[in-house]
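> Pasting the sequence and the predicted model now:
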Amino acid sequence: MTVRTRSVVISVTTALLAGVASAFSAVAWATPPTLRLSAIVYDTHTSMGSFSSKEKLYQGTTKVGEDRSRCTETSKTAVHCVGSYTLKHGTIQFSGTISNASDTNRLAITGGTGTYKGVRGTVLTEYNKAGTKAKETLTFK
């Protein structure tokens with residue numbers, strides 16, 4: 001291979017690698033689409049003013065992950081909750097204070113890992129009357 005040919009190959013390879021790196025960078029910084037999930041509570045614990053739960057998450061009939069949350073009573077009418085979603089391409093953390101008398105609540109998305117690294121937004125959760133199933137909408141900013 002001549003010096004000139006080697007130089008052209010190196011230039012083309014460098015350009016291709018730069019394009020691939022740019023594409024991956026664009027994906028990492030893009031705002032994820034809204035997630036619409038169904039949740040089924042499968043484990044709960046209550047102890048001295050705290051409540052924790054685990055839920056299986058579905059899109060349609062496909063299981064896509066799980067979430068965990070822990071809520072602590074802050075007053076007779078409110079609880080502060082923290083938790084995370086574990087999904088195929090990363091985790092999403094959330095937190096906020098909600099009314100303990102409502103079947104619908106809204107929490108803040110405070111960050112994540114993987115595809116969800118650094119995300120912000122809101123989680124809207126709408127539970128059934130029994131509190132065993134929910135529709136969850138995660139909207140990212």
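Great, that's in hand.
> So what sits opposite the closest residue to residue 132 other than its chain neighbours in the bridge?
Once flanking residues are discounted, residue 132 sits nearest to residue 41: 5.1 Å by CB to CB, 6 or more residues apart in numbering. Glycine gets a C-beta too; all of them are placed from N, C-alpha and C. On the basis of DSSP bridges, residue 41 is bridged to residue 55.
> Could you do residue 90 as well?
Note on residue 90: beta-bridge partners by DSSP bridges are residue 87.
> Next, the contact list for it, please.
Applying CB atoms under 8 Å, 6 or more residues apart in numbering to residue 90 gives the contacts 112-117.
> and it, how far is that from residue 49?
According to CB to CB, to the nearest Å, residue 90 stands 31 Å off from residue 49.
> cool, and residue 66?
For residue 66, the distance to residue 49 equals 24 Å [CB to CB].
> how's the chain carved up into domains?
Segmentation of the chain into domains, based on automatic domain parsing, reads 1-30, 35-140.
> Point out the most buried one among those.
domain 35-140 (a mean of 15; mean count of other CB atoms under 10 Å).
> How far does that domain sit from its chain's centre?
The chain centroid and the centroid of domain 35-140 are separated by 9 Å, computed with CA atoms, centre = their mean, to the nearest Å.
> what's the closest non-adjacent residue to residue 70?
residue 52 (4.5 Å).
> so which strand or helix has the residue nearest the centre of the chain?
Of all residues in the chain, the one closest to the mean position by CA atoms, centre = their mean is residue 92, 2.9 Å from it. For residue 92, the host element (DSSP states H and E) is strand 90-99.
> residues contacting the closest residue to residue 133 other than its chain neighbours?
Once flanking residues are discounted, residue 133 sits nearest to residue 40: 5.6 Å by CB to CB, 6+ apart. By CB under 8 Å, 6+ apart, the residues touching residue 40 are 55-56, 58, 132-133.
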